[in-house]
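Trainee: Here is my input, please return the structure:
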Amino acid sequence: MRTRIRASGISLDVPLYQQRERKAQGWGGLFLGAALDPPRRRLVRLLENIDFELREGDRLAILGRNGAGKSTLLRVLNRVYQPTQGSLEVNGSCQALLNMGLGFNGEATVFENIFLRGVAMGLKAPFLRGEIPAILEFSGLAEKAGHRLRTLSSGQRMRLGFAISTSVQHDIILMDEWVGAGDADFMAKAKERMQSRVGGAKIVVLASHSTGLLRDICNRGIVLERGKLAYAGDITSSLKHYHELVSRVRATGEGASDTSESPQGAQIFGAVEAISIEGTTCVVRGWFVDTEGSVPSGLSLELNGQRHLAVSVERQRRADVMRHFGLQVDDCGFLARIPLPPGFTTLASLGVGGAAILAGASPDYTHARLRVAAAVESQLLPLDHNAAVQSRSLGT
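Mentor: Numbering: from 1, shown residues only. As a prediction, the model looks like this:
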């Protein structure tokens, strides 16, 4: 049977219990009122009439503002919640990377928790026995196999959960944001494994606020708004519809009381495509945008842990970026000029200083590291490093 997900008219209602608001009556009146007037139950609809079908090769992005129902839909697909209306068909082995701590017991040892988590995932004990050494090695917890889980740090527990959850290649992968856990060394391993698992899966469903990540991975998209399917199509048109939705909400104030993100809370992404030094000024070209389709205004250069703000950020039109991400605006390109501190006169010296270009919603708050193009990154390398790379490429 071929791998497939088919959602037909899915709706989800959950009970909500509310206590009638009372005026201050003193402790006696409060307790008496609570006893005689218990909370009232009403149903709240989280998802309504969701329809879509995924086949092998599909990579689906779930787009929507906070509270739109993205995580809820993923949990329905993983059968954590059973739809109250409609039908769901899932053919193929499915792994949901939603809760890395599912099935863990703080009083059990790391070794025992591998079995507990594995069984919660539907894995068989004989298989788990053979995977234990690899799981412990990947998570860096081989020396703590006999320790109780509660003695581990939160980062160590997340590493263990990730190692177990990704120990098997599944037909279908469900993800709520791209999984990130642990220090830089572990993150490098985790990223490589995630790319491998996503590449090996037949169907991927990903909910994320990272527009760049969704554009890189997914070929299809759906947009949710207040639990309803607002749009479905290819990834480019879905991103365009999502940004139109956010722009409309901002302009009209509609849904302002919802849990949607504010521009200050939106994630920022972009790329540095050219960098040069003119006297005592660093000149940077590239593009940036936030996950709600707006263009940030803050930019800085970080050197040796110190941030140096751009004295000017000139907007430039980038129709190519606008089309690629389905944006509403094309002035997402920038030309920035940043004063350099004494001692930094070459691009190689910037590399030695650990140069990073940071963007933010305002000049006072720059925090998001922009991706650096490979050609620019090579310019920032020390000369002796470039020479070594060239020697290896020549076979010397």
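
Trainee: Which parts of the stretch 1-150 of the chain are strands?
Mentor: 4-18, 40-55, 59-63, 85-91, 94-97 (DSSP state E, counting those that start in this stretch).

Trainee: Compare the ones you listed and give me the one nearest residue 367.
Mentor: strand 59-63 (23.4 Å; C-beta to C-beta). Every C-beta, even on glycine, is put in place using the N, C-alpha and C of the backbone.

Trainee: about what we covered before: can you tell me which of the strands of the stretch 1-150 of the chain is most buried?
Mentor: Among the strands of the stretch 1-150 of the chain, ranked by average contacts under mean count of other C-beta atoms under 10 Å, first place goes to strand 59-63 (a mean of 25).

Trainee: what's near enough to touch residue 170?
Mentor: Contacts for residue 170 (C-beta atoms under 8 Å, 6 or more residues apart in numbering) come out as 92, 93, 94, 95, 197, 201.

Trainee: Now distance to residue 147 and pLDDT too, for those, in CSV please.
Mentor: Shown next, in CSV, are these (distance: C-beta to C-beta, whole Å; pLDDT from 0 to 100):
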residue, distance to residue 147, pLDDT
92, 36, 92
93, 31, 89
94, 31, 89
95, 26, 84
197, 27, 90
201, 33, 94
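
Trainee: tell me which of these is nearest to residue 7?
Mentor: Out of those, the member with the shortest distance to residue 7 (by C-beta to C-beta) is residue 94, at 13.5 Å.

Trainee: wait, isn't the closest one in contact with residue 78?
Mentor: Yes. Contact criterion C-beta atoms under 8 Å: residue 94 and residue 78 qualify, at 6.7 Å.

Trainee: anything in contact with each of the two?
Mentor: residue 174.

Trainee: Low-confidence stretches in the chain?
Mentor: Under the criterion pLDDT under 70, the flagged ranges of the chain are 19-38, 178-184, 253-265, 382-396.

Trainee: before we move on, back to that, of the contacts of residue 170, which pair is most distant in space?
Mentor: With distances taken as C-beta to C-beta, the most widely separated pair in these is 92 and 197, at 14.1 Å.

Trainee: The two: who's more crowded?
Mentor: Using other C-beta atoms under 10 Å, the more surrounded residue of residue 92 and residue 197 is residue 197, with 21 against 16.

Trainee: Can you tell me how far residue 276 is from residue 380?
Mentor: According to C-beta to C-beta, to the nearest Å, residue 276 and residue 380 sit 11 Å apart.

Trainee: Hmm, I typed the wrong one, I wanted residue 312.
Mentor: Taken as C-beta to C-beta, the span from residue 312 to residue 380 is 22 Å.

Trainee: ok now do residue 51, which residues does it touch?
Mentor: By C-beta under 8 Å, 6+ apart, the residues touching residue 51 are 7, 8, 9, 10, 229.

Trainee: Out of these, which two sit at the greatest distance?
Mentor: 8 and 229 (12.1 Å).

Trainee: Dead centre of the chain: give me the residue that sits there.
Mentor: The residue lying closest to the centre of the chain (C-alpha atoms, centre = their mean) is residue 177, at 3.1 Å.
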